[in-house]
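Enquirer: Test case, fold it:
(chains A and B)
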Amino acid sequence: MFDRLVKLFDLIQQKDREWRAWFFSHIAVPAVVMGYLISGLSPISPLSVFEDGISIVSLSSSKLGTSRAREENGAVVILDPVDLDVSIPWRDRSDGDVNLRSSLESALYASNDGRLRVDDHGLTIQLPLLGVSEPLVLVIDQELGEQVYLPGKKIRTAALAPSPRQSVGLALWAIIGGMFGIGLSLGLSTLGTIEPEK
Amino acid sequence: MISLAVGLMLVLSLLLVNIWIRGQPLSASNPLDVDETLPLPWAGYASTIFSLTALFGSYFAILVILGPVAMAGLAIGSIVGLILIKGAVDKSPSASFHEFLLSRRFSLNADNNSFFLGMLMVMQLGFAISELVIMRDLSVAAFSMAPRHATIFAVAVALVSYLYCLLGGYGALYRTDIVQYAFMLVMCAIIGLVFLVGAMGLSHWAITQPLDQHFWTFGLPVSPVGAAAANFCVGLLTGICFLVSNPDTWKRVFLVTRFSNSSKHPLGSMAVAGALPFVLLLPAAFLVPYRNLSEIGPFDLFIHVGQNRFVLLAVVLGMTASFMSSFDSSLLSAVHLQLARREQAPLNQPVDLAAFRYQIGICFAAVTAGSLAIMSGLGNAYFIAACLLSFYAMLGGIVIGTRFLTQPLRTVGFPWLATAVLVGWFAYISSIENSLERPTPYLVKAFPVGMILFVLFIILGKIRSS
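Expert: Next comes the predicted model:
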């Protein structure tokens, strides 16, 4: 990788000043900026969230009919049908049975017995579940811990909250505009220049 | 729909440049030496005084805290600033704006002259950074964006501005300014209408009850009339200072003065274009919520916006357009100043297309890196704008004191003086309560201090000019 970069650098150095300036302004700068915006390495990239395939919303209250709302902690977990192992510990060890509601058909629970486990410590899921091709929604009456464990990393539970669609849409359309601009600038920059009247 | 509309606006800006540039690509020898073919220079002038930094960083706070008298001073000061610039343009024998810029002499010492131009450039870059950071803040507060996505949105929109400036220079900038001005006017008209309907039936108007008219009197026992006079004077000086220290405004006034064939009063057209968005927003000013100092926020204007999708659409498009217009103006001004600096002694370097491309790439990279660093480390998006006030005061004072840089200073040691002032100013702004952590209205107290600095540098310029 490093050797290739050195070769690329040598190649650029051999070019004339005009070419180097064009490369720097039309390719290097936009590529670095856009790369930072969309790269999964960037902490702000939307792709880093999309790739995880999991969203978590914390629940804080419940209300039955016309009665007063009362504090009741819980969570909604939404999981995409991707290849993923997830472990979500509870904030506090559960004393009794955990109440779990889900979009999984009751007949499929037996087939996924080893893939979807709920115990005193937390929730463990091995995705994709057998017989499930749509996002899985789980409603849990336990407060989740501060971190979620994925293969090779830990993510803060709060960081997995879903974003408003408008927020995602504006960011993505701005990126599309930027990409369009980079493409257009590369094409138009080869149009040539004019010489001033003497 | 809102996201799609913003995407289409960005694409429209790029396509507009695409269509135009085929007939007039950039010059190979001096790509920024373009004057006569630039259309409607007054359209982008509005972006200078209707920038996000000005609107949310100062105007809103001044209106709410100090009231309409201070705003009137600001408006009149802006007009006086235009007249001062026009006076300098009328006296100049330069045939082009590039020549006008090169003929400005801050000092008899070439190194000091280069330093002065460098400071102007840094001020423009700082302004661009401030615009980007505030755009991100605005996106979170008014567009309901997640902070992460707001960062992406602001930087990607800035990238689009950079790309069409890179392709078309001033030609692209002035043409996209027209489209962006239209979006801004539509936004202001819709907001004004929404608030006008809401203002009917009010028992009082918030604008007539400013929060603290004595905010700018340093705690001195001044009568209400005296406080109003002080507010007007500080507003007046602020308006003058902002305009005379802005090279983008110099260029627009230059073009309007020298190349405007359609209007008998070109400067009047410029003043009207600049005032129009504010006139349309007057009903909103009447309905600004009446609160105490600890509760007001820069985006209180948008309390009613989110309730209507159509109004939100207009606001998103208008604010994005306003950001693009002021961001690209300051970016290109910084590049032009840097090229002028390179062309002058002692550097004497070429300012061809390659130099332009290098400089604009470097400037944009610096602005983006600076903005991202500030977004991740600073809690107050308006801190940069407050720091920039010292630049405006110093540089604006020198500009006026040296009769628009035609009577160079005899003094040496200006770099040391400027550095000392900037460091002192930074310490002062940092000492204001919570100025680093979150937006605070107490930053507005820096304006009279800044204007004292402005007057001192005018005097310095007068005393030490040749």
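Enquirer: so how far is chain A from the spatially most central residue of chain B?
Expert: The structure's chain B has its C-alpha centroid closest to B:T48; by C-alpha atoms, centre = their mean the separation is 4.2 Å. According to C-beta to the nearest C-beta, to the nearest Å, B:T48 and chain A sit 24 Å apart. For glycine as for every other residue, the C-beta is placed from the backbone atoms N, C-alpha and C.
Enquirer: How about B:A150?
Expert: Distance, B:A150 to chain A, by C-beta to the nearest C-beta: 8 Å.
Enquirer: pretty sure that residue contacts B:S144?
Expert: No - here B:A150 does not reach B:S144: they are 9.6 Å apart, not a contact under C-beta atoms under 8 Å.
Enquirer: which one of the two has more residues nearby?
Expert: B:A150 (24 against 15; other C-beta atoms under 10 Å in any protein chain shown).
Enquirer: For B:A150 and B:S144, list the residues in contact with both.
Expert: A:S167 (C-beta atoms under 8 Å, 6 or more residues apart in numbering or on different chains).
Enquirer: State the number of residues packed around A:L184.
Expert: If we define neighbours as other C-beta under 10 Å, then A:L184 has 20 of them.
Enquirer: If you could redo that for A:S60, that was the one I meant.
Expert: Applying other C-beta under 10 Å, we find 11 residues neighbouring A:S60.
Enquirer: helices or strands up against the helix or strand harbouring it?
Expert: Assigning secondary structure by DSSP states H and E places A:S60 in strand A:54-62. Secondary-structure packing of strand A:54-62 (3 or more C-beta pairs under 8 Å, 6 or more residues apart in numbering or on different chains; DSSP states H and E): strand A:70-79, strand A:84-89, strand A:147-150.
Enquirer: Now it: buried residues?
Expert: A:I54, A:S55, A:I56 (16 or more other C-beta atoms under 10 Å in any protein chain shown).
Enquirer: cool, and stretch B:349-360?
Expert: Applying 16+ other C-beta under 10 Å to stretch B:349-360 flags B:V351, B:D352, B:L353, B:A354, B:A355, B:F356, B:R357, B:Y358, B:Q359, B:I360 as buried.
Enquirer: Check stretch A:163-171 too.
Expert: Those buried within stretch A:163-171 under the rule 16+ other C-beta under 10 Å are A:S163, A:Q166, A:S167, A:V168, A:G169, A:L170, A:A171.
Enquirer: How about stretch A:125-135?
Expert: In stretch A:125-135, counting by 16+ other C-beta under 10 Å, buried: A:I125, A:Q126, A:L127, A:P128, A:L129, A:V132.
Enquirer: now, the most widely separated pair of those?
Expert: Using C-beta to C-beta, the two most remote members of these are A:Q126 and A:V132, lying 11.8 Å apart.
Enquirer: Would you state the helices of the stretch 1-150 of chain B in chain order?
Expert: B:2-21, B:41-49, B:52-54, B:60-66, B:68-91, B:97-102, B:110-142, B:147-199 (DSSP state H, counting those that start in this stretch).
Enquirer: Show me what the top helix by length along chain A is packed up against.
Expert: Under DSSP state H, the helix in chain A containing the largest number of residues is helix A:165-188. Counting contacts by 3+ C-beta pairs under 8 Å, 6+ apart, helix A:165-188 packs against helix A:29-38, helix A:46-52, helix B:2-21, helix B:147-199.
Enquirer: list the contacts for B:L138?
Expert: Neighbouring residues of B:L138 by C-beta under 8 Å, 6+ apart: B:L52, B:F56, B:F299, B:M319.
Enquirer: now do B:Y164
Expert: B:Y164 neighbours (C-beta under 8 Å, 6+ apart): A:G181, A:S185, B:S13, B:L14, B:V17, B:A172, B:L173, B:T176, B:D328.
Enquirer: Export those residues as TSV, with columns for distance to B:M123 and pLDDT.
Expert: Below are the contacts of B:Y164 laid out as TSV (distance: C-beta to C-beta, whole Å; pLDDT from 0 to 100):
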residue	distance to B:M123	pLDDT
A:G181	27	93
A:S185	27	89
B:S13	26	91
B:L14	28	91
B:V17	27	89
B:A172	23	91
B:L173	18	92
B:T176	23	92
B:D328	16	94
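Enquirer: Which of these sits closest to A:F24?
Expert: Of all the contacts of B:Y164, A:S185 has the smallest distance to A:F24: 12.7 Å, by C-beta to C-beta.
Enquirer: Great, nothing more from me.
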